[in-house]
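**Student:** sharing a model prediction with you, sequence too.
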Protein chains: 2
Amino acid sequence: MSSPAPAGKAPAGAARPAGAASGKDVRLAAEAWESLFRSQVAVMRRLQSGPAFKKLPVKEYDVLFTLSRCPTGKLRLNEINDHVLLSQSSLSRLVDRLEKRGLVERSIAPEDGRGILLGLTEAGVALQKEIGREHVRDIAELLLPALSATEQQELMRLTEKLRSGLPD
Amino acid sequence: MSSPAPAGKAPAGAARPAGAASGKDVRLAAEAWESLFRSQVAVMRRLQSGPAFKKLPVKEYDVLFTLSRCPTGKLRLNEINDHVLLSQSSLSRLVDRLEKRGLVERSIAPEDGRGILLGLTEAGVALQKEIGREHVRDIAELLLPALSATEQQELMRLTEKLRSGLPD
DNA sequence: CCAAACTAGATGCATTTGCATCTATCGCCC
DNA sequence: GGGCGATAGATGCAAATGCATCTAGTTTGG
């Protein structure tokens, strides 16, 4: 495993406070996470080695993509940050790079002088679409042979439920 | 989205070669991957900010964990590398760090003079167990409220199937 | 209304990462 | 058996990352 890890085990017949998880529950959760994590790694590894990401690293594409999905076309940096597995400072510099390449534009948030709104430029929209097309094709090539449509739907349902059931 | 991205759309009634995916199939696959990816990010973000990973970064823990699961207790670097989202050189240096901390030991693979076998030291075993215990607890805290046992099992089944259905 | 606590984002600096390359061993085929 | 391409892993070096900190704008409490 990568991020998950079972390690200890509870004494066999230990009584536990009402509402606490049993050892079995805990083990199942750890295995489920492990499996989710490993499959994500395996898919991501293949995706990012494809030709679609020679033009732009995956993480940078992800920001363009996120912006492209947003109805208003602009997002605050902190909103983007929740989406991505990057520290605040790394995102700030990643955006610097995107801006230097003319793919995004920073502007000051109207309602909050501290905030920065990020939007795609024309070139950013174009590049996102271009890479996106290839990327979607690659995803389908990986997932379609492995899971049926029904299974993909169920996987989507479960992962969405997981995400929305997290604290905060 | 982060890594996945829908972008283009196929001309409406386009005839396609037998066996090719429909636009609908492709879109579903992209959405399923997106959802899997985002939920992984959301869970990982919470896990790695916990106290369990002050002692050792997640990626380094992952290597200790992987070794701890292996029946023989030793693995080749390239085997570990498939497991992890890291380049070969990064893994090599990560192992340097673990070795300097006395958590793992390199040895030459008996059957292949090029290969390196990696094994946990006593200290490595101990630290893995220690962090592992906390980590499993954290995982359970996140997953148990979000998904039922049945759902966790189904999620595990689907992600395992996905992983084993990938090319190579 | 002002000061103190808080939040959004930028920046200095040490660490980590990846790409390209290098070394050493292996497997193959003549 | 000797050369030749392939594979495992290490290393130089530039780029990316995270932590701590800094700056600036915002909110709160008196």
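**Tutor:** Received it, and whenever you're ready, just let me know what you need. This is a predicted model, so every value here is computed, not measured. Numbering: from 1, shown residues only, chains lettered A, B, ... in the order given.
**Student:** can you show me the CA trace of stretch A:85-97 as PDB?
**Tutor:** Taking C-alpha atoms only, stretch A:85-97 is exported to PDB below (Å, rounded to 0.1, in the frame of the first residue of the first chain):
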ATOM      1  CA  LEU A  85      -3.100  18.200  -3.800                       C
ATOM      2  CA  LEU A  86      -0.700  21.100  -3.600                       C
ATOM      3  CA  SER A  87       0.300  23.600  -0.900                       C
ATOM      4  CA  GLN A  88      -0.900  27.100  -1.100                       C
ATOM      5  CA  SER A  89       2.600  28.400  -2.000                       C
ATOM      6  CA  SER A  90       3.000  25.800  -4.700                       C
ATOM      7  CA  LEU A  91      -0.300  26.700  -6.300                       C
ATOM      8  CA  SER A  92       0.700  30.300  -6.200                       C
ATOM      9  CA  ARG A  93       3.900  29.600  -8.200                       C
ATOM     10  CA  LEU A  94       2.200  27.200 -10.500                       C
ATOM     11  CA  VAL A  95      -0.200  30.000 -11.400                       C
ATOM     12  CA  ASP A  96       2.800  32.200 -11.900                       C
ATOM     13  CA  ARG A  97       4.000  29.800 -14.500                       C
END
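**Student:** list the contacts of that stretch.
**Tutor:** A:59-60, A:63, A:77-78, A:80-81, A:84, A:104, A:106, A:118, B:41, B:44-45 (Cβ atoms under 8 Å, 6 or more residues apart in numbering or on different chains). The way it works is simple: take the backbone N, C-alpha and C, and place the C-beta from them, glycine included.
**Student:** longest helix in chain A, please.
**Tutor:** In chain A, with assignment by DSSP state H, the single longest helix is helix A:23-49.
**Student:** does any bit of that helix sit next to DNA strand D?
**Tutor:** No: judged by Cβ under 7 Å from any atom of the strand, helix A:23-49 and DNA strand D are separated, with a smallest distance of 11.6 Å.
**Student:** taking the contacts of stretch A:85-97, please make a PyMOL selection of just the buried ones.
**Tutor:** Listed next is the PyMOL selection for buried residues among the contacts of stretch A:85-97, using 16 or more other Cβ atoms under 10 Å in any protein chain shown:
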select buried, (chain A and resi 59+60+63+77+80+81+84+104+118) or (chain B and resi 41+44+45)
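**Student:** and the furthest pair within the contacts of stretch A:85-97?
**Tutor:** A:Arg106 and B:Met44 (27.5 Å; Cβ to Cβ).
**Student:** against A:Leu36, how distant is A:Leu144?
**Tutor:** Remark: distance between A:Leu144 and A:Leu36 (Cβ to Cβ, to the nearest Å) = 20 Å.
**Student:** ok, those two, which is more surrounded?
**Tutor:** For A:Leu144 versus A:Leu36, neighbours defined as other Cβ atoms under 10 Å in any protein chain shown are more numerous around A:Leu36 (30 against 17).
**Student:** leaving out chain neighbours, which residue sits closest to that one?
**Tutor:** By the measure of Cβ to Cβ, 6 or more residues apart in numbering or on different chains, the closest residue to A:Leu36 outside its immediate chain neighbours is B:Thr159, 5.0 Å from it.
**Student:** which elements pack onto the host helix or strand of the one you found?
**Tutor:** Using DSSP states H and E, the element containing B:Thr159 is helix B:149-164. Here helix B:149-164 touches helix A:23-49, helix A:122-146, helix A:149-164, going by 3 or more Cβ pairs under 8 Å, 6 or more residues apart in numbering or on different chains; DSSP states H and E.
**Student:** what does chain A have sitting close to DNA strand D?
**Tutor:** A:57, A:59, A:85-90, A:93-94, A:97, A:112-114.
**Student:** from those residues, which land in helices?
**Tutor:** A:Lys59, A:Gln88, A:Ser89, A:Ser90, A:Arg93, A:Leu94, A:Arg97.
**Student:** ranking those by neighbours, who comes first?
**Tutor:** A:Leu94 (19 neighbours).
**Student:** tell me where the model's unsure across chain A.
**Tutor:** Along chain A, segments meeting pLDDT under 70 span A:1-15, A:19.
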